[in-house]
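Asks: A structural model of the following input is requested.
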Amino acid sequence: MPHNGAVNRRQFVKGAGTIGGAVALAGCTDVLSGGGGGNFPNQDITMICPWAEGGGTDRTARELANLVSDEFDEADAFVENRTGGTGSVGFNAVANAEPDGYTVGVLTVEITTISHLGIADVSHEDVQGIMQYNFDPAALTVREDAPYDTLQEFVDYADENPGEISVSNSGPGGIWHLSAVGFGLEADIELDHVGYDGGAPATQAVVNEEVEATTSSAPEVLPQVEDGPLKTLAVFGEERLDIMPDVPTLQEENVDFTMGAWRGLGVPNDTDEDRIETLHEAYNNVYESDEFQSFMDENGFGLIYRDTSEFNDFMQDSYDSFEEIAAEVDV
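Replies: Down below sits the predicted model:
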């Protein structure tokens, strides 16, 4: 099955890309002439975040914008949160904006899933990717006293007891729900999926023995794993996580599947290529900075870089791989 993941640690794959996000910016490396007169950028940049203030996407976007302030001479940038419709409100705002480089959107995995789920028509085809900066693989977590200590034991138990293992997620149709469904398809086991209103209650449901397992990002369950009463059986990335070095990947356990949440940046289609290059250079400089790397590491956000071409290809692969999974999901 095609994968839509990548590693959790730093990768500096050189190329072209750009970003979406946050707070005020001021400055520029290589400014280019463009429409509207003068150099680009020479007016404020609106960075649209499709998720609520204070969440992981908003926090990473604001950090990016804050640090990129030194990269432009004549511009400020500000985050605008446009929430609703599983990200579709924000994605549509980016897609329908003037393609002049002054609207930059934070793109998340949902832009490749929601059209499959019938939530909205907007998809990755309505925007031009600039740069991917994050990937957080899903993690399968159970109670410490569960009758399975390894992923293989979990799969064997589920195979012998079809539908008896309930797996919580942060909401129907969300990436953690889709991750669990995809894992079940690849492992050829039947799981019962239970949606909750967010990652915290989904994790607490395992603690409270309302369900047997949960799929989420590793940082969401890490406190309960470190202090008990939970244990993580596997992560859905291509490599082990620094914050869970003893936890194997699915591939190490002979399940050929990777999936998780990711974040990147994009602009409306038809944005001038020179402007995309200017934005990419500025945000890539921020990505490679010690300040941004430290922020991501300290907050448990996975780092990955894909340039413009790679990110656009990655979004297409992600979109394609979700088609089969989405067919198994009711939202």
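
Asks: contacting residues around Gly300?
Replies: Contacts for Gly300 (Cβ atoms under 8 Å, 6 or more residues apart in numbering) come out as 217-219, 222, 243. Quick note: C-beta positions are derived from backbone N, CA and C, even for glycine.

Asks: my read: Val109 touches Asp317, true?
Replies: No. Val109 is not in contact with Asp317 according to Cβ atoms under 8 Å; the separation is 11.9 Å.

Asks: TSV for the contacts of Gly300, including secondary structure?
Replies: Output for these, formatted as TSV (DSSP: H, G, I helix; E, B strand; the rest coil):
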residue	secondary structure
Ser217	strand
Ala218	helix
Pro219	helix
Leu222	helix
Ile243	coil
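
Asks: Give me the buried entries from those.
Replies: Neighbour counting by 16 or more other Cβ atoms under 10 Å classes 217-219, 222, 243 among these as buried.

Asks: So which bits of the longest helix along the chain are buried?
Replies: The longest helix of the chain (DSSP state H) is helix 308-326. Neighbour-count burial for helix 308-326 flags 308, 310-312, 314-315, 318-319, 321-322, 325-326 (criterion: 16+ other Cβ under 10 Å).

Asks: Closest one to Pro50 out of those, please.
Replies: Each of those was scored against Pro50 by Cβ to Cβ, and Met315 proved nearest at 14.8 Å.

Asks: Check what pLDDT that closest one gets.
Replies: In this prediction, Met315 carries a pLDDT score of 97.

Asks: and stretch 129-149, average pLDDT?
Replies: 97.

Asks: just the CA coordinates of it, formatted as CSV?
Replies: This file holds the C-alpha atoms of stretch 129-149, laid out as CSV (Å, rounded to 0.1, in the frame of the first residue of the first chain):
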residue,chain,number,x,y,z
GLY,A,129,2.4,23.4,-2.6
ILE,A,130,5.6,25.2,-1.5
MET,A,131,7.2,23.2,1.3
GLN,A,132,6.4,20.5,3.8
TYR,A,133,7.9,21.0,7.2
ASN,A,134,6.3,18.4,9.5
PHE,A,135,5.2,14.8,9.8
ASP,A,136,3.9,13.1,13.0
PRO,A,137,3.2,9.4,12.6
ALA,A,138,0.3,7.7,14.2
ALA,A,139,1.0,5.6,17.3
LEU,A,140,-1.0,2.5,18.5
THR,A,141,-1.3,2.6,22.3
VAL,A,142,-3.0,0.3,24.7
ARG,A,143,-3.3,-0.2,28.5
GLU,A,144,-0.1,-1.4,30.2
ASP,A,145,-2.0,-4.4,31.5
ALA,A,146,-3.5,-5.4,28.1
PRO,A,147,-3.2,-9.1,27.2
TYR,A,148,-0.7,-8.2,24.4
ASP,A,149,2.8,-6.8,24.8
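
Asks: can you start the count at 10 instead of 1 from here on
Replies: Shifting the count to begin at 10 puts that one at stretch 138-158.

Asks: where's it relative to the chain centroid, distance-wise?
Replies: Remark: stretch 138-158 is offset 12 Å from the chain centroid, using Cα atoms, centre = their mean, to the nearest Å.

Asks: list the buried ones in that stretch?
Replies: 138-152, 155, 157.

Asks: Equivalent analysis for stretch 80-88, please.
Replies: Using 16+ other Cβ under 10 Å as the test for burial, stretch 80-88 gives 80-81, 84-86, 88.

Asks: Please list the members of those that lie in helices.
Replies: Using DSSP H, no member of these sits in helices.

Asks: Can you list which of those residues are found in strands?
Replies: Taking DSSP state E, the ones among these that sit in strands are 86, 88.

Asks: and the buried residues of stretch 80-88 as TSV, adding distance to Asn293 and pLDDT?
Replies: Shown next, in TSV, are those (distance: Cβ to Cβ, whole Å; pLDDT from 0 to 100):
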residue	distance to Asn293	pLDDT
Glu80	10	88
Phe81	14	88
Ala84	17	85
Asp85	20	81
Ala86	16	79
Val88	19	87
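
Asks: quick revisit: which one of the contacts of Gly309 is nearest to Pro181?
Replies: Ser226 (17.6 Å).

Asks: I'd say the closest one and Ala147 touch.
Replies: Yes. Look at Ser226 against Ala147 with Cβ under 8 Å: they come within range, at 7.0 Å.

Asks: Mutual contacts of the two, please.
Replies: Counting by Cβ under 8 Å, 6+ apart, the contacts common to Ser226 and Ala147 are 185, 269-270.

Asks: List phi and psi for Met140.
Replies: Backbone torsions for Met140, taken as degrees, to the nearest 10, come to phi -160, psi 140.

Asks: number of nearby residues for Glu199?
Replies: By the criterion of other Cβ atoms under 10 Å, Glu199 has 13 neighbours.

Asks: just Glu107 next, same as before
Replies: Glu107: 12 neighbours (other Cβ under 10 Å).

Asks: now Asp109
Replies: As a burial measure, Asp109 scores 18 neighbours (other Cβ under 10 Å).

Asks: just for the stretch 210-340 of the chain, where's the confidence low?
Replies: Scanning the stretch 210-340 of the chain with the threshold set as pLDDT under 70 gives 340.

Asks: Sounds good, over and out.
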